[in-house]
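[1] Requesting a structural model of the entry that follows:
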Amino acid sequence: MLRLTGILVTLVTAIAVAALTWPGFFRIDGLFPVAQIISFRAPVVLALAGIAVLFLLLAVVRRVRAFAFAMTLVLLAGAAIGGATLTSRGMGSTTLPEKDANSVRVMTWNTAGEATPPDDIARTAVAMSADIVTLPETTIEVGEKVAVQMRELGHPMWAFHTEYGVDGWAADSTTLLISPSLGEYSVIASSQNGTSNTSTVPSAVAMPVSGDGPIIVAAHAVAPRQSAMADWRHDLQWLADQCASANVIMAGDFNATVEHMARLGSDGGTLGRCHDAASVTGNGAVGTWPTSVPALLGAPIDHVMATSAWRATGSVVLTALDGSGSDHRPLIVQLERTSG
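    Below is the predicted model of the structure:
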């Protein structure tokens, strides 16, 4: 009886480890609470490794040795595969290539409303030579202050925004700053009035009025709380749909990792036709939220994405601003124009 129980426990554990390792294969990446757990792949890997060590120690007891060794192998396999996945996405790159005429730098930072001073946002954007800045949970009043300060620092920007009109809720507004060097832009009406937008917190879609600039999407998906799972899945699908055109740059707080996007890509993209820039430039495993834990233990839920008209050549997740007030870290990506 003890032997049979051990086999059943090992089998159930193997299935659970496989589900957490390949959630998309089992189609559970969008279900509560799996969606929340897999956001933190690094802690899951550490937990699997830690439990494996405990079972290895238990193997000194002869009566349960076979069971303990089997459990150790299952848990170590899951930890190894998870660790390999993290390594392949990048555990941290801190430099950007030199910028030239074909380069565009994109910065995204969920500022948590008024928690982050406009001066910090402006100085960071200027220091990073950002051409596009997406600021979820930032009002247009704050965004205009940022734009004014950037202009005074010799880096002018146009300020746009979308809001849903819920008084006193910072998450109700998303601000987008665009350099005049990219041409003239306008936020489309459907994203402004909410007829086509993310469900609970707004995203902004800016179309070029002049020039050959990309469609720019400042993204903000609702957090996957248990009561909001359907809205969260809707938001990710809506964001994927924005990446249907050939020339799109999308950046913001997706409240999702690439695990959650596994079945939403098309034509080889991560989300729609957009590719996740951090994952191909050495920062795909670096957590952007929350700032209260080390970056490698956090969740990479803020992203910069682009379609094939752009190639990501570098990215940086800034950890030096963890005390600025926001619970998110800024992500900066350099993109180069391609012929695609």
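
[2] so Met150 sits in a helix?
    Yes: assessed by DSSP: H, G, I helix; E, B strand; the rest coil, Met150 belongs to a helix.

[3] Does it touch Asp119 like I think?
    No: using Cβ atoms under 8 Å, Met150 and Asp119 do not qualify as a contacting pair, with a distance of 10.4 Å. Any C-beta I mention is one placed from the backbone N, CA and C, and that applies to glycine too.

[4] Among those two, which residue is more densely surrounded?
    Met150 (23 against 11; other Cβ atoms under 10 Å).

[5] List the contacts of the more buried one.
    By Cβ atoms under 8 Å, 6 or more residues apart in numbering, Met150 lies in contact with 122, 125-126, 156-157, 177.

[6] Going through those, which ones are buried?
    Buried members of these, scored by 16 or more other Cβ atoms under 10 Å, are 122, 125-126, 157, 177.

[7] would you turn the residues you listed into JSON lines with distance to Asp100, pLDDT and secondary structure?
    Listed next are those as JSON lines, based on distance: Cβ to Cβ, whole Å; pLDDT from 0 to 100; DSSP: H, G, I helix; E, B strand; the rest coil:
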{"residue": "Ala122", "distance to Asp100": "24", "pLDDT": "98", "secondary structure": "helix"}
{"residue": "Ala125", "distance to Asp100": "19", "pLDDT": "98", "secondary structure": "helix"}
{"residue": "Val126", "distance to Asp100": "18", "pLDDT": "98", "secondary structure": "helix"}
{"residue": "Met157", "distance to Asp100": "20", "pLDDT": "98", "secondary structure": "coil"}
{"residue": "Leu177", "distance to Asp100": "21", "pLDDT": "98", "secondary structure": "strand"}
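
[8] Contacts made by the least confident helix or strand in the chain by mean pLDDT with the rest, please.
    Using mean pLDDT, DSSP states H and E, helix 189-192 stands out as the lowest-scoring helix or strand of the chain, at a mean of 85. By Cβ under 8 Å, 6+ apart, the list of residues contacting helix 189-192 from outside reads 162, 195-197, 202-205.

[9] Quick check: next helix or strand after that helix?
    Where DSSP states H and E defines the elements, the next helix or strand beyond helix 189-192 is strand 204-208.

[10] Just the angle for the helix or strand just after that next one relative to strand 204-208, thanks.
    The first helix or strand that comes after strand 204-208 along the chain, using DSSP H and E, is strand 215-220. Interaxial angle of strand 215-220 relative to strand 204-208 (axes from the mean of the first three to the mean of the last three Cα atoms, to 10 degrees): 170 degrees.
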